[in-house]
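> Task: produce atomic coordinates for the following.
(2 chains)
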Amino acid sequence: MSQKNRIGVFLCHCGGNISDYVNLEEIEEKLSENEEICSIKHHENLCSLEGRNIIKDQILRENLDRVVISACSKITHGATFEKYIKPLNPYLYEMPNVREQCSWVTNDTGKATKKALSLINSAIESVKYNEPLKKIPTTVKDSVLVIGAGISGITTANSLAKQGMKVTLIEKRPAVGGAMIQVGKVFTPDKMSEDCAACLLNPVIDEMVHNENITLLTNTVLERSTRNSGNFDVILRKKPEYVNPEKCTSCGNCTHACPTFAPDEWNEGLNSRKAIYKPFPQAVPSTYTLDDEACIKCGACINVCPTNAIHLDAIDEIISLTVGSVVIATGHQRFDTSKRPEYGHSFYEDVVSQMQLARLMGVNGPTDGHLQVPSTGKVPRRVVMIQCVGSRDQMPDAHKYCSKVCCMVALKNANLIHSHYPDTEVIICYTDIRTPGVYEKYYKYVQDNGIQLIRGRPGEITREDDHMLVRIEDTITHTKQEIPTDLVVLSAALESSEGTIDAAKTLGVPLTEDKFVKEKHPKMQPVSTDIEGIFVCGTAQGPKDITDSIIQANTAATKISELVNGGLEVEPFIATINVKKCVLCGTCIDNCRYQALTMNKHSVRVGPIACTGCGDCIITCPEEAISIQGQSDEKLEASIAGLLKDKPDDEQIIIAFLDDIGNVSANNMGINRVACPSSIRIINVPFINRVKYRHIKYALTHGADGVFLGEYPDTPKHNDIRENVKVMKKHLEEDGINPERLLIHSVFIPYFRGLANQFKEFDEELQVLSK
Amino acid sequence: MEEIKKFIPTEKITLFRSCLVSAEYPGVEASTKYVFDKLGVEYVIDRNQSCCTGLGHYYDIFDELSTTALAARNFSYAIKNNHKQYVPMCATCYAILKTSAKNLNEKEDVREKINKAFRENGLEEFQYTKGDIDPTNDITHVVDVLYYLKDKIPEHKQRDISGLNIATHHGCHYCKVHYDDTLCGYRNPEVIDKICEVMDSPALKWYDQKPRHCGGGFRQRYANRDLSLDATVDKFLSLHREKIDVLLVMCPNCQVQFDRYQYVLEEKTGDKHYYAVLNIAQLVALYMGADSYKVLGIQTHTVNLEPLLDKLAIEYNPKGDTLHVTEE
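Numbering: from 1, shown residues only, chains lettered A, B, ... in the order given. Predicted structure coming up:
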């Protein structure tokens, strides 16, 4: 800094919270030796209106260009002082935390005063590097792509469209409705009744079809997506339209003429359909569709079509769109039961899945709603249901999680069988019955209706004479049983669908270890993803029932509305790229987990909404072309230099770089008055990888006895960070510095006592080391 | 061929001998060597090798530490011999060795305790360094090697063995101890089945109780004989229902259970049906023309193999059986 600064320092007493422990007169005396400081003022409560007047008055009177306010934590009053320093730019001040991180954790006045002075000096050195910045206003395009037209996708689309947004709703299959349209019946626990699923879903579908803001594209998948300054440029692929929907009158002549059969997906393969067909009678859109994998292109359908609607040489359509947000509502699929050969689903006709059972009982199913044993066509005398097929299973080819809905599904179907065929006995073999909330009442109701329950997971199913045999150990009575039955129903796990995995891959959204779309935070941000602007809802995010899917779908719509209508202003602490240094290698783009960086023609662009300012890109850039606005390397080094200014040889100082979580934890230490060694000097960084080796080396060679890194471990970069620390320790060794002087530790907000202990232990270790 | 995720060696192999193979069915070892020679697999037998402790381990005679120490000793010989690819014939050896290698690699205190014991007793040469043996890629079962080279097997065909009704029985300690290293599935294990296919003698796709264990259960067979045999009965009866000619195994423990105890099981169930019990290596050797007595060692079997050879019209000289005294 060639030009001299005019810095004002304001010391808050905080009504004794600070001044009772810190000798502010002594501090004032020391600071007055610094010629860049043009004004030093005290006040009982700087956050008061009187405080504002003092600050403003001094800025104008002394022509200050930068301000340091020694007070509490920035979290408590940062926003207050940002306003109080007007007419200065709100980013031209620093706030050393002399309360939570000093006066409240240090009992000895001498030590507290020394520490406070070093914290204030650090702020003085650091504030010199502050730049006048502006909050960045952003706008998000009001068009949305919703992937998947099941209950979740349709619900989101409806809500967004009603809020005036343009929605493109795409569905891979030829008809909308997803799993809900297929299950036939849903149940309402309060009414103890099973209701028609289609009757509940159809009005929702109608609403979607008639809303002019929604464009529905069936037989369509997402092919590519690129981030383009906050928006998404997407490319969709729609299967060839062999049957022109404008011309098709749904007469059905084509199906009649078609000689080729394929398994009927709508009925879960229980029967066959033709290669040209309508998925099911109530399908939306109601146009006929052609399965080009099964079709032999014989042309029989063309000959009988009265409106000339069929074109076998149609080609697929590529659609390109730019949208502001994307919703992943790609749903689930069911566990492949052929992975359980001991249950024989692939070779015994009379072993079916719950969805197949639902189709067998569905009025628009293959038996017109009559429950029949597939091999005999008779009503079953007994039905045995097996729960947790592929769920709650520790084996490598199964899912460790509970699929959440199968207990309710089994109870529903069991009760349906019971009410239509009272002579048919139903037994459910379960691991645990999980029916939380009001579902418990339904469970009791079904049990009272005579459905039997056996706790145990059958070992195998075999065929004997004219019936099936289920072998099970009843784990309550510890007896082995062989249950003869006509029909076996498997409750297969819900798993992430192929479409979900594909969409996540195309969009660059991380998946959980179970391959569902990973939310930004499973508790606090259940529909957001790591990529700002991409949201998830329904079973694409994890197993859940219809109610939960609808709740999540509406939440996703609300979150998008916030982005579009909220008049977003974001903090300016984002990455900036020095175009002179940047060689457009793209390493930073590949490494950014927020997809905040995009390649433009001749530059790398930073998306201000997506960028969190974590600074991880800084260390990946081979040309050192990236910096975070207002948080330069030099500024960080200046903070360190300030902390170590005039340090006497006999004083031990540990510089603790804490990420935001660690900083809050350290504040909690103060709020709870947990003692912390006075050697600890905290510097809050947005992300631990922001601290470069040069900073650590600088600290350790300019008087710091130790460097402590406090990292919140629950981030995808955790391993990288730990690896980086190992590398830095090696560098220290090469530079002749004891690597033990650098320590990294995990931090958690409620774990402030643990953090205090860590500080204490490190402090003691360093005392031993220095001897 | 399904994607193989582990390394399968064809050279630098130490064929790890099994106490049960040597004591009960030496023909399994002879057959394995016969087949390996034909297929050009390079291997050695190590005279210094000790038992894996498997049987003793599951009898609670050997604790895990002694088992691991003994494995460390065996590994050191294999490494010194420049034949560190361990290929056991027995599923138990396979699983025990893998577990030991994992323990030695991952548990520093265990490794240090064992190395210390070696040092204190003048056995420094046996000391184990982390990573010496990779449990996944340095320890494979004989069936893994046969599966890997299965397409070469028909090149050595000498006898037609088609037309047999074969059931396969896979070793639990191959399938279910180290799941991730198991080839061709473990719920419906098929690795032996795939080897059968190339010899034009496909095995039953599925039979009731297929994934069930043999019932042997190490000490259970002797200490809780009824429990052990009760567990075998279900599978035994299922095999009878399928009217099989051969039960193919890959572990000598299972072979003992189904061969040595076949008459006991017949008596127990009152159900009779002849079937032979063979190790997959024995069947491959037979297919490649090996001598029934000198290589397959059928004279050591309890259930006579001769009826099966007759069915296949394979000639043999009964005088080859020098084990049993026959009346002139």
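> just so I have it, where are all the strands in the stretch 201-328 of chain B?
Using DSSP state E, counting those that start in this stretch, the strands of the stretch 201-328 of chain B run over B:246-249, B:276-279.
> again with the stretch 201-350 of chain A
Using DSSP E, counting those that start in this stretch, the strands of the stretch 201-350 of chain A run over A:214-217, A:220-228, A:231-238, A:261-263, A:272-274, A:276-277, A:289-290, A:317-323, A:325-328, A:332-334.
> closest to chain B out of those?
Nearest of those to chain B, taken as CB to the nearest CB: strand A:332-334 at 17.7 Å. In this view, the C-beta of every residue, glycine as well, is placed from N, C-alpha and C.
> domain parsing for the chain?
Unless you meant another one, I'm taking chain A. A:1-133, A:143-238+A:318-331+A:497-565, A:253-315, A:339-494, A:569-628, A:647-771 (automatic domain parsing).
> I was thinking of chain B, sorry if that wasn't clear
Chain B resolves into domains spanning B:13-126, B:156-320 when parsed by automatic domain parsing.
> For chain B, what's its nearest residue on chain A.
For chain A, CB to the nearest CB, closest residue to chain B: residue A:341, 3.7 Å.
> Contacts only, for that residue.
Applying CB atoms under 8 Å, 6 or more residues apart in numbering or on different chains to residue A:341 gives the contacts B:187-188, B:206, B:210-211.
> if we can go back for a sec, tabulate the domains of chain B (JSON lines), appending mean neighbour count, distance to chain A and mean pLDDT.
Listed next are the domains of chain B as JSON lines, based on neighbours: other CB atoms under 10 Å in any protein chain shown; distance: least, CB to the nearest CB, whole Å; pLDDT from 0 to 100:
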{"stretch": "domain B:13-126", "mean neighbour count": "19", "distance to chain A": "15", "mean pLDDT": "96"}
{"stretch": "domain B:156-320", "mean neighbour count": "19", "distance to chain A": "4", "mean pLDDT": "95"}
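> just to revisit the earlier point, which one, of the strands of the stretch 201-328 of chain B, ends up nearest to residue B:261?
With respect to residue B:261, and counting by CB to CB, the nearest of the strands of the stretch 201-328 of chain B is strand B:276-279 at 10.0 Å.
> Tell me the helices and strands packed up against the closest one.
Secondary-structure packing of strand B:276-279 (3 or more CB pairs under 8 Å, 6 or more residues apart in numbering or on different chains; DSSP states H and E): helix B:26-39, strand B:246-249, helix B:252-255.
> Need the CA coordinates for the last one. PDB is fine.
Spelled out, it's helix B:252-255. What follows is helix B:252-255, C-alpha atoms only, in PDB (Å, rounded to 0.1, in the frame of the first residue of the first chain):
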ATOM      1  CA  PRO B 252     -13.400 -80.600   0.300                       C
ATOM      2  CA  ASN B 253     -15.600 -79.900   3.300                       C
ATOM      3  CA  CYS B 254     -18.800 -80.200   1.100                       C
ATOM      4  CA  GLN B 255     -17.300 -83.200  -0.600                       C
END
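> Mind giving me the packing neighbours of that helix?
For helix B:252-255, the elements it packs on are helix B:19-24, helix B:91-106, strand B:276-279, judged by 3+ CB pairs under 8 Å, 6+ apart.
> Residue B:267: which of the ones you listed is closest?
Nearest of those (CB to CB): strand B:276-279, 17.1 Å.
> Show me the contact partners of that closest one.
For strand B:276-279, contacts defined as CB under 8 Å, 6+ apart pick out B:25, B:27-28, B:31, B:89, B:245-250, B:252, B:255, B:258-259, B:262, B:286, B:296, B:301, B:303-305, B:307-308.
> if we can go back for a sec, of the contacts of residue A:341, which belong to helices?
Residues of the contacts of residue A:341 located in helices (DSSP state H): none.
> Tell me which two in the residues you listed are the farthest apart.
The largest separation in these, counting by CB to CB, is between B:187 and B:206 at 11.0 Å.
> What is the burial count for residue A:260?
By other CB atoms under 10 Å in any protein chain shown, the residues close to residue A:260 number 16.
> Can you tell me the strand partners of the lowest-mean-pLDDT helix or strand in chain A and which way each runs?
The element with the least model confidence among the helices and strands of chain A, by mean pLDDT, DSSP states H and E, is strand A:569-570, at a mean of 80. Applying DSSP bridges to the sheet, strand A:569-570 is found paired with strand A:136-137 (antiparallel).
> what's the spacing between the strand it pairs with and its chain's center?
Centroid separation for strand A:136-137 versus its chain: 24 Å, with CA atoms, centre = their mean, to the nearest Å.
> same check, this time on stretch A:478-486
In this view, stretch A:478-486 has its centroid 44 Å away from the chain centroid, taken as CA atoms, centre = their mean.
> Could I get the buried residue list for it?
Across stretch A:478-486, burial judged by 16 or more other CB atoms under 10 Å in any protein chain shown covers A:483, A:485-486.
> ok, which stretches of the stretch 651-771 of chain A are helices?
With DSSP state H, counting those that start in this stretch as the definition, the stretch 651-771 of chain A shows helices at residue ranges A:660-671, A:693-701, A:718-734, A:752-770.
> okay, those helices, which one's buried deepest?
With neighbours taken as mean count of other CB atoms under 10 Å in any protein chain shown, the helices of the stretch 651-771 of chain A reach their highest mean count in helix A:660-671, at a mean of 22.
> what's the angle between that one and helix A:752-770?
90 degrees (axes from the mean of the first three to the mean of the last three CA atoms, to 10 degrees).
> ok, back up a step: among the contacts of residue A:341, which one lies nearest to residue A:509?
Comparing the contacts of residue A:341 against residue A:509 with CB to CB places residue B:187 closest, at 32.2 Å.
> show me the contacts for the closest one.
Applying CB under 8 Å, 6+ apart, the residues contacting residue B:187 are A:339-342, A:395, A:397, B:211.
> top of the residues you listed by neighbour count?
Taking other CB under 10 Å as the neighbour criterion, residue A:340 ranks highest of the contacts of residue B:187 with 24 neighbours.
> And for that residue, nearest residue in space, chain neighbours not counted?
Spatial nearest neighbour of residue A:340, excluding adjacent residues (CB to CB, 6 or more residues apart in numbering or on different chains): residue A:389 at 6.0 Å.
> For the one you found, grab the count of nearby residues.
Look at residue A:389: counted by other CB under 10 Å, it has 27 neighbours.
> ok, now residue A:276?
Residues lying near residue A:276 (other CB under 10 Å) number 28.
> surely it meets residue A:256?
No: using CB atoms under 8 Å, residue A:276 makes no contact with residue A:256, being 9.7 Å away.
> Quick check: neighbours shared by those two?
By CB under 8 Å, 6+ apart, no residue touches both residue A:276 and residue A:256.
> before we move on, back to that, CSV please, covering the strands of the stretch 201-328 of chain B and showing distance to residue A:192.
Shown next, in CSV, are these (distance: least, CB to CB, whole Å):
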stretch, distance to residue A:192
strand B:246-249, 54
strand B:276-279, 58
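> partner residues bridging the residue nearest to residue A:340?
With DSSP bridges applied, residue A:389 shows beta-bridge pairing to residue A:492.
> So it sits against residue A:493, correct?
Yes: between residue A:389 and residue A:493 there is a contact under CB under 8 Å: 6.5 Å.
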